[in-house]
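Asks: Sequence plus the predicted model coming up.
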Amino acid sequence: MAGGLVALLDDIAALAKLAAASLDDVAGASARAGTKAVGVVIDDTAVTPRYVTGLSPARELPIIWKIALGSARNKLLFLLPAALILSAFAPWAITPILMAGGAFLCFEGAEKIIEALSGTHHGEEAAVITDPKQLEDRQVAGAIRTDLILSAEIMAIALSELSDQSIVNQAIALALVGLAITAGVYGAVALIVKMDDIGLALAKRPGAATQAVGRGLVAAMPKVLKALGIIGTAAMLWVGGQIIVHGLHEFHLTPLPEWIEHAAEGARHAMAGIGGIAAWVVNAGLSAVVGLIIGCVIAGLLHLKPGKH
């Protein structure tokens, strides 16, 4: 059920696999598994910068490093062994677990939209902490907890693409995917949170062009962070909805998956020259709508409080 760009990447990985030897099979499988987790990665990148908001700029990179180490520990010490046990003894459970994770992503995406539209924030208010060390520890712990959920979804998505591999190859591929995604996400986060500092440094250097670039970076960062939040929300709905739709197809509940597939194919044939892009947009857009509906239903059920009128 993968659409457009992801399907193209899958085809490239498959061709590479046919031409490769045993060790290269692992690399091909890792690349294929990683492409499936792209939406969760986007959300992870969009979510993490908020954990350094309000803290000393000098502590931003050390905090991101702590979170990255926690993320690697989540993936390699906890989630990877769990994934291998699941693959060996209960492969039938992978699709339901993926669907549960997809539903969580749908809920998170819908919750963000509901909060943005209503101006309210569900959840408990955190206690005010004035001690910088305690505040840093709380932020790091919160980020690692959030990462555990997102990492579990990444590893489950990756595992679903490795069913044709041996248990050893699965372990190596999952480790490669986990490390590559951790490095990519937190490297990007570090660049994002320090971009305004880079801009300020450039603005103080000689040369009108360099100063203009620096001022542009500083002015652009609030918009970039806002755009990342929007992209992360859209990615959660798209990926979560697509996981649900794909799961329905796996369980032979085909009307909705087939309707989305037919709509995407219709767009492919109607838009000559950019058919692949059009099919991907339609597939992702309809999957996001499915995700938004599911997320709103879950959010409504979770926030229903007996006796509240």
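Replies: Looks like it came in fine.
Asks: per-residue confidence for Ala288?
Replies: Ala288 carries a pLDDT value of 94.
Asks: Can you tell me which helices and strands the helix or strand hosting it packs against?
Replies: For Ala288, the host element (DSSP states H and E) is helix 275-302. Packing partners of helix 275-302 (3 or more CB pairs under 8 Å, 6 or more residues apart in numbering; DSSP states H and E): helix 4-18, helix 94-118, helix 208-250, helix 255-270. Using the backbone N, CA and C atoms, a C-beta is placed for each residue, glycine as well.
Asks: Identify the spatial nearest neighbour of Leu105, chain neighbours not counted.
Replies: In this structure, Leu105 finds its nearest non-sequential neighbour in Gly240, 3.2 Å apart by CB to CB, 6 or more residues apart in numbering.
Asks: Ile97 touches Met155, doesn't it?
Replies: No. In this structure, Ile97 is not within contact of Met155 by CB atoms under 8 Å, at 10.2 Å.
Asks: burial count for Trp238?
Replies: Counted by other CB atoms under 10 Å, the residues lying close to Trp238 total 27.
Asks: Next, format the helices and strands packed on helix 275-302 as JSON lines and append distance to Lys194 and mean pLDDT.
Replies: Shown next, in JSON lines, are these (distance: least, CB to CB, whole Å; pLDDT from 0 to 100):
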{"stretch": "helix 4-18", "distance to Lys194": "29", "mean pLDDT": "43"}
{"stretch": "helix 94-118", "distance to Lys194": "25", "mean pLDDT": "88"}
{"stretch": "helix 208-250", "distance to Lys194": "10", "mean pLDDT": "86"}
{"stretch": "helix 255-270", "distance to Lys194": "40", "mean pLDDT": "93"}
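Asks: between Ile97 and Met155, which one's more packed in?
Replies: Met155 (27 against 18).
Asks: Apart from its neighbours in sequence, what residue is nearest the more buried one?
Replies: Nearest to Met155 is Leu79, by CB to CB, 6+ apart, at 4.6 Å.
Asks: Could you look up the SS state of the one you found?
Replies: With DSSP: H, G, I helix; E, B strand; the rest coil as the basis, Leu79 sits in helix.
Asks: pLDDT value on it, please?
Replies: 90.
Asks: if we can go back for a sec, the residue nearest to Leu105 touches Cys106, doesn't it?
Replies: Yes. Here Gly240 reaches Cys106: they are 3.9 Å apart, a contact under CB under 8 Å.
Asks: list residues touching both of these two?
Replies: The contact sets of Gly240 and Cys106 overlap at 291, 294-295 (CB atoms under 8 Å, 6 or more residues apart in numbering).
Asks: now the host helix or strand of Ala175 against helix 208-250, angle please.
Replies: For Ala175, the element it lies in under DSSP H and E is helix 167-203. Between helix 167-203 and helix 208-250, the angle comes out at 150 degrees (axes from the mean of the first three to the mean of the last three CA atoms, to 10 degrees).
Asks: Can you mark which positions in helix 167-203 are buried?
Replies: 169-178, 181-182, 185-186, 188-190, 192-196, 199, 202-203 (16 or more other CB atoms under 10 Å).
Asks: Report all helices and strands that it contacts.
Replies: Partner elements for helix 167-203 (3+ CB pairs under 8 Å, 6+ apart): helix 22-36, helix 38-47, helix 60-73, helix 80-89, helix 132-160, helix 208-250.
Asks: For my notes, please list these in TSV and give distance to Ile113 for each entry.
Replies: Output for these, formatted as TSV (distance: least, CB to CB, whole Å):
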stretch	distance to Ile113
helix 22-36	24
helix 38-47	14
helix 60-73	26
helix 80-89	31
helix 132-160	18
helix 208-250	6
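Asks: sorry, back to before: give the contact list for the residue nearest to Leu105.
Replies: Contacts of Gly240 by CB under 8 Å, 6+ apart are 39, 101-106, 108-109, 291, 294-295.
Asks: got it, and Ala110?
Replies: 237, 291-292, 294-296, 298-299.
Asks: Now do it against Pro255, distance only.
Replies: 23 Å (CB to CB, to the nearest Å).
Asks: try Ala270
Replies: Ala270 sits 22 Å away from Pro255, going by CB to CB.
Asks: out of the two, which sits in the busier spot?
Replies: Counted by other CB under 10 Å, Ala270 and Pro255 do not tie: Ala270 has more neighbours, with 11 against 8.
Asks: ok so, going back, from the contacts of Gly240, which is closest to Val213?
Replies: Gly39 (31.3 Å; CB to CB).
Asks: Pull the distance from the helix holding Ala175 to the chain's centre.
Replies: Relative to the centre of its chain, helix 167-203 is centred 13 Å away, using CA atoms, centre = their mean, to the nearest Å.
Asks: Setting aside sequence neighbours, what's the nearest residue to Glu265?
Replies: Glu265 sits nearest to Ala279 (CB to CB, 6+ apart), 6.6 Å away.
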